[in-house]
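Engineer: Provided below for reference: sequence and predicted model.
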Amino acid sequence: AMPSSSCPRGELASAPTAGSCRLLDAPPAGGHTRPTRMASLAGSDTVVIDHIPERGYRISKPGHYVLGRSLGYRPRGAGAAILITASDVVLDLAGHTLRVELAPEAAALRVDGIRVTGARGVVIRNGTVHGASSCGIAVRGACDVTLEDLRVEHMRATDSTSKTTTPAGLSLVLTCGFRVRRCVVADLRVLAASLAGVTVHTSSYGCLEECEVTGLDNRDGGAMGYALMMCAGVAVRRCVARQLTTHYQGVTPTSGHTCIGFLPLACAAVRFDDCAAEQMTGCCDDAHGISVFLDALVAVNRFRAAHVVDGECVRKTGAKATGIEVYGLGVVVRDSHAEHITARVPQDRQSAGFAAWGVGLLFDRCRASHVAVLDAAGAPSTADGYGVGFGWAPDPRVVLRSVPALCTAYWRCVADDCQVGFDTWNHIASAWLAPRVANTPVPVLRSPWGARRILSMDRCSESPSGHAQRMPVRNRSCANFVGRVDASGEGDA
């Protein structure tokens, strides 16, 4: 079963069940004991933290800890302002701010605001972490962790040497059973290979609910609002990513400069409910509201992608822009809307509301509106590709460009004010049922079998060699069914 999108305050259970986001109630297979309930701390003494020493404050005993006032931390080296290694800990910031005060010459130091390592039953809540350079709050190898009513802001970092550096507001790695609720990550400005508002890596059975990521800017690398990598059993509900921007300078060793609101990568049994990505501005690589990339059994419900633009750089060209793109197996997208999706001179020859790649995909009652390819001057043009409401997801890389959209279905989808409504390119055994278009000059684009499109890539747009390359892609579209197109564009999608 897919995990539910709700995040109850009560005890978590071991497997996702309908109507709950329950994670660790029973002992897991392998005989490990369950986390101690936080209720056991109710009678414990409260420790007031009123000073952060140079080496940081370490919490190595269970208990209830409270910030007595807003505190500053001036590190001399890498580390964390507060390090939690004990289980059964509540850290209440009590509305105060934990401020990491890095000297300008120390911008390359990797300093976390709060770090949790190898603990169970930890709650961090109610306050602000300001000025960290690595992670605002980092959780590593933990179980049954709750982060709620937190704000991470004003992160600054510079690292032009590492391929793996990813500063993040909230970062959870190897974490089983987590709840992240009502958290805000804002104003992260870095020069690094990658940047994320919230990243969850190699973790399972958790939920993100009512969170906001805003104001991320990477001066030479990628930016992601929410990145889920190699995760299972995770629900994301009512989360928003807005105002993400990427730039290109050519000084970091990054492999790409993508700008993505939500990125589940190599995940299974993940769902997104009532989320939105707005104002994604990419430079010379991809820009997407959400990219469901190489995943299985993912559900996307009532997602909104708006004002996603690519090619906003001095070169006036990027890879592509997409509201909702899917590279996966058994992925379902329902009742979702992509609007104002544009790309300047896209190297992948496309801007799309919705893009499909993989097997067994369903787009149910979705709407794409105001989708266009632009020329270098920013005017709508089909000389360099099409603004497609619904189409294939192109990628010039060898392992990706030959995979079609197989057994993909579009049910009662609408394309409004697009250059092309529905593009059948590289679809096999797929169906467009009750499609509708409005203000769209080409309702359905059917290219002949074997037709060719030339995709390209360069160092900025993830060329494996680092050099500019041109890659031909052949159309393998066959055995498809396109229903009668309703040109009124009206309906309930």
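Structural biologist: That came through, no problem.
Engineer: avg pLDDT for stretch 427-435?
Structural biologist: The average pLDDT within stretch 427-435 is 98.
Engineer: can you pull out the low-pLDDT segments for the stretch 351-493 of the chain?
Structural biologist: Counting by pLDDT under 70, the ranges of the stretch 351-493 of the chain that qualify are 489-493.
Engineer: in it, which spans are helices?
Structural biologist: Taking DSSP state H, counting those that start in this stretch to define them, one finds helices in the stretch 351-493 of the chain at 398-401.
Engineer: least confident secondary structure element in the protein?
Structural biologist: helix 398-401 (a mean of 90; mean pLDDT, DSSP states H and E).
Engineer: now do that helix: distance to the chain's middle.
Structural biologist: How far helix 398-401 lies from its chain's middle: 22 Å, per Cα atoms, centre = their mean, to the nearest Å.
Engineer: not counting that helix itself, show me its contacts.
Structural biologist: Here helix 398-401 makes contact (Cβ atoms under 8 Å, 6 or more residues apart in numbering) with Tyr327, Trp357, Pro394, Asp395, Leu455, Met471, Val473. Where C-beta positions appear, they are placed from N, C-alpha and C, glycine not excepted.
Engineer: buried ones in it?
Structural biologist: By neighbour count on 16 or more other Cβ atoms under 10 Å, the buried set for helix 398-401 is Arg401.
Engineer: just to revisit the earlier point, any chance of the contacts of helix 398-401 in a markdown table with neighbour count as columns?
Structural biologist: Below are those laid out as a markdown table (neighbours: other Cβ atoms under 10 Å):
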| residue | neighbour count |
| --- | --- |
| Tyr327 | 21 |
| Trp357 | 25 |
| Pro394 | 26 |
| Asp395 | 25 |
| Leu455 | 22 |
| Met471 | 18 |
| Val473 | 20 |
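Engineer: okay if I get those as TSV plus distance to Gly113?
Structural biologist: Formatted as TSV, those follow (distance: Cβ to Cβ, whole Å):
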residue	distance to Gly113
Tyr327	34
Trp357	38
Pro394	40
Asp395	37
Leu455	42
Met471	44
Val473	46
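Engineer: Gly136: what's it in contact with?
Structural biologist: Applying Cβ under 8 Å, 6+ apart, we find Gly136 in contact with Asp112, Gly113, Ile114, Val129, Val152, Glu153, Met155, Ala168, Gly169, Leu170, Val185.
Engineer: closest to Cys313 out of those residues?
Structural biologist: For the contacts of Gly136, the residue nearest Cys313 by Cβ to Cβ is Met155; the value is 23.4 Å.
Engineer: surely the closest one touches Ala132?
Structural biologist: Yes - counting by Cβ atoms under 8 Å, Ala132 is a contact partner of Met155 at 5.5 Å.
Engineer: these two: who's more crowded?
Structural biologist: Neighbour tally, Met155 and Ala132, criterion other Cβ atoms under 10 Å: the higher count belongs to Ala132, 33 against 29.
Engineer: what about Arg459, how many residues close to it?
Structural biologist: When neighbours are defined as other Cβ under 10 Å, Arg459 has 18 of them.
Engineer: and the least confident helix or strand of the chain, C-alpha only, in PDB?
Structural biologist: The C-alpha trace of helix 398-401 is given here as PDB (Å, rounded to 0.1, in the frame of the first residue of the first chain):
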ATOM      1  CA  VAL A 398      22.800   7.300 -23.900                       C
ATOM      2  CA  VAL A 399      21.000   5.300 -21.100                       C
ATOM      3  CA  LEU A 400      17.900   7.500 -21.200                       C
ATOM      4  CA  ARG A 401      17.300   8.600 -24.800                       C
END
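Engineer: so His288 is in contact with Gly323, correct?
Structural biologist: Yes - His288 lies in contact with Gly323 (Cβ under 8 Å); the separation is 7.4 Å.
Engineer: common neighbours of those two, please.
Structural biologist: Both His288 and Gly323 are contacted by Ala305, Val308, under the criterion Cβ under 8 Å, 6+ apart.
Engineer: what about the two, which has more around it?
Structural biologist: Legend: neighbour count by other Cβ under 10 Å for His288 and Gly323, higher for Gly323 (34 against 31).
Engineer: that one reaches His307, doesn't it?
Structural biologist: No - the criterion here is Cβ under 8 Å, and Gly323 misses it with His307 at 9.8 Å.
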